[in-house]
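# following is a predicted model, sequence given first.
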Amino acid sequence: MSAEIAPEELLIATVADMLDGLRHVAVGAQSPIPGSAALLARARSGGSLRVSMLGSEAHSPFTDGGRELFDCAAQGRIDAFFLGGGQIDGQANINLVGIGDYPDTKVRFPGSFGSAYLYLLVPRVILFREEHTARVLVPKVDFISAPGVSDEDVLRTGGPYALVTGRCVFDFDAAARRFRLASVHPGHDTDEIREHTGFDYDVPDVVPETPVPDAATLALLRGRVADEVAETYPAFAARVFAAAAA
Amino acid sequence: MSAEIAPEELLIATVADMLDGLRHVAVGAQSPIPGSAALLARARSGGSLRVSMLGSEAHSPFTDGGRELFDCAAQGRIDAFFLGGGQIDGQANINLVGIGDYPDTKVRFPGSFGSAYLYLLVPRVILFREEHTARVLVPKVDFISAPGVSDEDVLRTGGPYALVTGRCVFDFDAAARRFRLASVHPGHDTDEIREHTGFDYDVPDVVPETPVPDAATLALLRGRVADEVAETYPAFAARVFAAAAA
Amino acid sequence: MSELFTSVEDLAERIPNGAKVALAPDYSGCSMVTTRALVARGARDLHLIGVPSVGFQGDMLIGAGCVATLETAAVTLDEYGPAPRFMAAVKAGTLKVIDGTCPAIHAGLQAAEKGIPFMPVRGIVGSDLLKHRDDWTIGTDPFGEQDGPLVLVKAIRPDVTLIHVPLADRHGNAWIGVRREMMVMAHAARETFVTADEIYDGDLLADEQLAPGTIPGLYVSALAKATNGAWPVGLFGRYGPDDAHLRDYLERARTDAGFAGWLDEFVYAPKAAE
Amino acid sequence: MSELFTSVEDLAERIPNGAKVALAPDYSGCSMVTTRALVARGARDLHLIGVPSVGFQGDMLIGAGCVATLETAAVTLDEYGPAPRFMAAVKAGTLKVIDGTCPAIHAGLQAAEKGIPFMPVRGIVGSDLLKHRDDWTIGTDPFGEQDGPLVLVKAIRPDVTLIHVPLADRHGNAWIGVRREMMVMAHAARETFVTADEIYDGDLLADEQLAPGTIPGLYVSALAKATNGAWPVGLFGRYGPDDAHLRDYLERARTDAGFAGWLDEFVYAPKAAE
């Protein structure tokens, strides 16, 4: 096994740590890193974590059509989900619609999908966006597909838990309505993060480095998890794990 | 073929005539005469009439569980349905709950089933009750499971079309909110009907006799329809058609 | 996930007194074996929800004194006639009946399935049912396309859904075929307990033809194998009702003493004989 | 009921200009063969409803000028990247987009399925989507158990649901397996048009295993056999997407001229060659 850890492996292990102890994690389509993280967490859970991957024939447990994921979340049966964003701002608002003055968007994104719903219902929503630039992490999104925080009178059982990027991890402080830098990935530093982050956030006195996966985790990841990931994301699995294990 | 026509055969043929030209008739559970009538109407329709029989494995077209009949009616896809009543009154209100001051009923009936819904949604609801007595056909029901008429502001696309009993046929005049005697079955007369009917109703100058099924109808009924009915109601089919055809 | 598997007696223990229990009608999937176990353990104060009606299963539980409240569109034994223990309990005033109508029960469960507080339902306006339901109210169409009153039905969230199915697997997946009222019941309830005639050796969700008729194990809290578990009512596609037993039941259940004798013979004696 | 059977061209003729057409996402059941026939007949002013999203199917129809309005939770080609003709139409301002969110689209169709004017939906409060929807509004829980605002979504009733399935029979029954969004689409729409890869020789509803995954013919207005009818996107359980064709499409659809060439080759030329 190579001693070198791929950046994707670091992200997978980091996200997987956020899922330990949960009962059911759902993962949207086209999410190889969150999907791998969920499968890693499941492998470590001794079978107690259920993983539902949209777009996977083998890992989809649903038999009631497109609505079931959403109904299931409303029933309180989904503990964690992942969302991204063309833009993400300092209040954890996400924009999946477009840049500019909607509906006259200068840049159009694919659309909000289920974000406006799941963000308010799933207790632990992990924002995941590899690209960490001031273009993505903005002071204020141009369009709120789904709000990071809500007024007190809004029934909200879910919301942002953390934001994981290619450079660092932010925790979200719901009371303060702000992100807080939680850890910096190896090879990156706090100045660089400040430079590439468009929104303001809190920084503790000591910012730890994001821990790298230990040997046991890497073995699990490159073995069993890689095989499972390959069912849904064959190209991703081949690129990341085959190279890393070479 | 016997020249004698069973009372059930007369009722079946009478009800079937009310279904001609429709696209889709649904029949509730435990309704052998309405069910036979629907199958007879289908046999005469050249395949254009669809019959959905609840409780029948061969004639149920539903795959969305218990709610589908009701959703289907709301979509306007069911043209006719049958309801009965422990009590039926002169405004076509039906009572499937009980006699007495609800909830302290002296006599308890099974319950309202879907009547409170289907009666307002299915365009042609045929009330069917073989027992024609002043005990059943009352001036005012003790409990309205489903109302025969509604105020103008109520969205109502369905309602009573006729009341068929063991003695006669009443049409329902929605504008007048009253039944009108439409025909009297052979062997019965208008005085007898007045005596055994607890509610007031209109009587035209000439009351025709309910027509008996012709030879072609009887042949169809005792042949193909009897076979189809036997799938859902074997005891009924054996008793009525085997005896009649003997 | 073998911790899913348990005994019928354990299922009955895990349905607490006072629980709101959703039941399928006799022609769908009734766990009659757990019904007898509930009687045997002396369950009390259950709030039964017929989806949308109950039959022999409800009659037996009512007769045995397990039921405080019955929420249903009907109590029907179909061609077998009136339900004797239900009738006796209504007469004695020992049962609270919440009279409903089929589509409102389905809608209330669908509301719970979606986590919404209520669901509009067509029809019903003008029925006396409305006068006796504080969990139904009248609203209007906020978009103004439909004039007039619109019935709004409160969500129905059962504590437990109890069903019997022909086939279940080791993951808790339970095959219900077209009897999809049980799917909504499982989604809507906090817990679903399943008994199955047969254990499928494989993953029902991995079979393209079986998956569409399967409740995912995600919704199933516990599972017990019970061959012939729907007896004496039938199980769709598998076996019909035990006509002789049901007629005998009806005869005996006409009287308190007769019903007590039936309980002794078919509920208590088998347990005592163990 | 052989009058159900018709040609793909006839299906396209029977979807009038201006119709509200519900479409399944690319991974579900897309009648791509009818999509091309719609382009070939010069369909105009369609109001597409993505249930809950559209992909290549929507992109092609938009590019060919068939679409006035697109109501959807997203336009996504998944790993293939942005949808080129959709992007171009948004930039040119020739397409009205009604941005929604998946559960609201499902709920709107379920409202139509039930004939009710609206359905409550959890979440959404605080999203800018709300500001641009006059068919969504804010209500409250009439039972007072849930404080605060509650989004009410107006019923979505498509004129036509257009889908492709692996298997259909002579009665119009159409097997969709677990892709049950298509069931709601068929219930909710005035008419449902189906193309099928294969005609099943029998009655799908009479087969205990196939029936649970089957849309009853009751909801199907017309049916055409079309082997490989979902090409070039895939069909669940049968065949995958034609990766080479889709990548070629994306390359050519970057420009108006390239897209016109694609249309000529794959839509107009096959017809002209007849």
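Arrived safely, thanks for sending.

# poorly predicted segments of the stretch 151-274 of chain C, please.
Scanning the stretch 151-274 of chain C for pLDDT under 70 picks out C:271-274.

# and if we set it to 90?
By pLDDT under 90, the low-scoring segments of the stretch 151-274 of chain C are C:269-274.

# flag every residue of it that's near chain B.
Within the stretch 151-274 of chain C, the positions adjacent to chain B are C:178-184 by C-beta under 8 Å from any C-beta of the partner chain. All C-beta atoms are positioned from the backbone trio N, CA, C, and that covers glycine.

# again, only this time at 6 Å
C:178, C:180-181 (C-beta under 6 Å from any C-beta of the partner chain).

# between the residues you listed, which is closest to residue B:108?
residue C:181 (24.5 Å; C-beta to C-beta).

# what segments of the chain are strands?
Unless you meant another one, I'm taking chain A. Here chain A has its strands, by DSSP state E, at A:24-27, A:50-53, A:80-83, A:87-89, A:94-95, A:98-101, A:104-108, A:124-128, A:137-138, A:160-164, A:168-173, A:178-184.

# correction: the question concerned chain C.
So, for chain C - with DSSP E - the strands run C:20-23, C:46-50, C:53-54, C:67-72, C:74-75, C:96-99, C:118-121, C:136-139, C:150-154, C:160-169, C:174-175, C:191-200, C:214-215, C:222-225.

# tell me what the second one is packed against?
The contact analysis (3 or more C-beta pairs under 6 Å, 6 or more residues apart in numbering or on different chains; DSSP states H and E) places strand C:46-50 against strand C:20-23, strand C:67-72.

# and it, average pLDDT?
Average pLDDT, strand C:46-50: 98.

# could you give the angle of it to strand C:67-72?
With axes from the mean of the first three to the mean of the last three C-alpha atoms, to 10 degrees applied, the angle from strand C:46-50 to strand C:67-72 works out at 20 degrees.

# what does strand C:46-50 rub up against?
C:20-23, C:58, C:66-67, C:69-72, C:158 (C-beta atoms under 6 Å, 6 or more residues apart in numbering or on different chains).

# adding distance to chain A and neighbour count, write those out as CSV.
CSV is the format used below for these (distance: C-beta to the nearest C-beta, whole Å; neighbours: other C-beta atoms under 10 Å in any protein chain shown):
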residue, distance to chain A, neighbour count
C:20, 16, 18
C:21, 18, 23
C:22, 14, 29
C:23, 20, 29
C:58, 26, 28
C:66, 27, 22
C:67, 26, 27
C:69, 24, 16
C:70, 25, 25
C:71, 20, 24
C:72, 23, 29
C:158, 12, 26
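
# let's have those in JSON lines, adding distance to residue A:30.
Output for these, formatted as JSON lines (distance: C-beta to C-beta, whole Å):
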{"residue": "C:20", "distance to residue A:30": "41"}
{"residue": "C:21", "distance to residue A:30": "42"}
{"residue": "C:22", "distance to residue A:30": "37"}
{"residue": "C:23", "distance to residue A:30": "42"}
{"residue": "C:58", "distance to residue A:30": "49"}
{"residue": "C:66", "distance to residue A:30": "51"}
{"residue": "C:67", "distance to residue A:30": "50"}
{"residue": "C:69", "distance to residue A:30": "48"}
{"residue": "C:70", "distance to residue A:30": "49"}
{"residue": "C:71", "distance to residue A:30": "44"}
{"residue": "C:72", "distance to residue A:30": "46"}
{"residue": "C:158", "distance to residue A:30": "37"}
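
# residue A:94: which of those is nearest?
residue C:158 (35.3 Å).

# top helix in the chain by residue count?
Answering for chain A, as no chain was given. helix A:32-44 (DSSP state H).

# let me rephrase: I mean chain C.
helix C:102-114.

# near chain A at all, that helix?
Yes: using C-beta under 6 Å from any C-beta, helix C:102-114 reaches chain A at C:113-114.

# can you get me a residue count around the residue lying closest to residue C:15 once chain neighbours are set aside?
Spatial nearest neighbour of residue C:15, excluding adjacent residues (C-beta to C-beta, 6 or more residues apart in numbering or on different chains): residue C:160 at 5.3 Å. Here the number of neighbours of residue C:160 (other C-beta atoms under 10 Å in any protein chain shown) works out to 23.

# try residue A:174
14.

# for it, grab phi and psi.
In terms of degrees, to the nearest 10, the main-chain angles of residue A:174 are phi -60, psi -40.

# give the contact list for the residue nearest to residue C:15.
So residue C:160 contacts C:15, C:19, C:21, C:189, C:191 (C-beta under 6 Å, 6+ apart).

# ranking those residues by neighbours, who comes first?
In the contacts of residue C:160, the most neighbours by other C-beta under 10 Å go to residue C:189, 27 neighbours.

# so what's that one up against?
C:22, C:158, C:160-161.

# if you set the cut-off to 10 Å instead, what comes out?
A:75, C:20-22, C:49, C:109, C:112-113, C:156-163, C:219, C:221 (C-beta atoms under 10 Å, 6 or more residues apart in numbering or on different chains).
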